[in-house]
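> Just to be clear, the model below is a prediction. Sequence and coordinates:
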Amino acid sequence: MITRFITEVKTKFNPFSMRSRATRLFLSYLPPNARNQGMQITTKLLPRTSTEPNSLVVKFKDGKTMDLNGEVLGIKGIIEEVDRHSRALQKQADLSDG
């Protein structure tokens, strides 16, 4: 997963719920030094009895914001969506440098 163009990740999930599995896995895909590279990661853990839906919001360097639903997309779908936009940004960066 290309994380170079991600500037902010906001998550809200119940860690005990199976529905939040994709959101938890997405956080595990982020590199350990992501915060040192300027990425803001905000995580809000919901209580076990919470009925609030999970949320995952990813912001990119170009200003685009993706509000991803992990229950519908699953981890493969989330990574696919994030990589699609990251590859487009990578292509723009390569064209502007070359």
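Yep, it's here.

> Now find how far off-centre stretch 2-15 is within its chain.
In terms of Cα atoms, centre = their mean, to the nearest Å, the centre of stretch 2-15 is found 3 Å from the chain centre.

> mind listing what's buried in that stretch?
Neighbour-count burial for stretch 2-15 flags 3, 5-6, 9-14 (criterion: 16 or more other Cβ atoms under 10 Å). C-beta: built from backbone N, CA, C; applies to glycine.

> quick one, helices of the protein?
21-29, 70-97 (DSSP state H).

> State the distance from Lys12 to Gly77.
Noted for Lys12: a distance of 19 Å to Gly77, by Cβ to Cβ, to the nearest Å.

> what do you get for Asp97?
If you go by Cβ to Cβ, the gap between Asp97 and Gly77 works out to 31 Å.

> So which of the two has more stuff around it?
Shown here are Asp97 and Gly77; by other Cβ atoms under 10 Å, Gly77 has more neighbours (14 against 6).

> follow-up on the earlier one: quick check: which of the helices of the chain is nearest to Ile41?
Closest to Ile41 of these, according to Cβ to Cβ: helix 21-29, at 7.6 Å.
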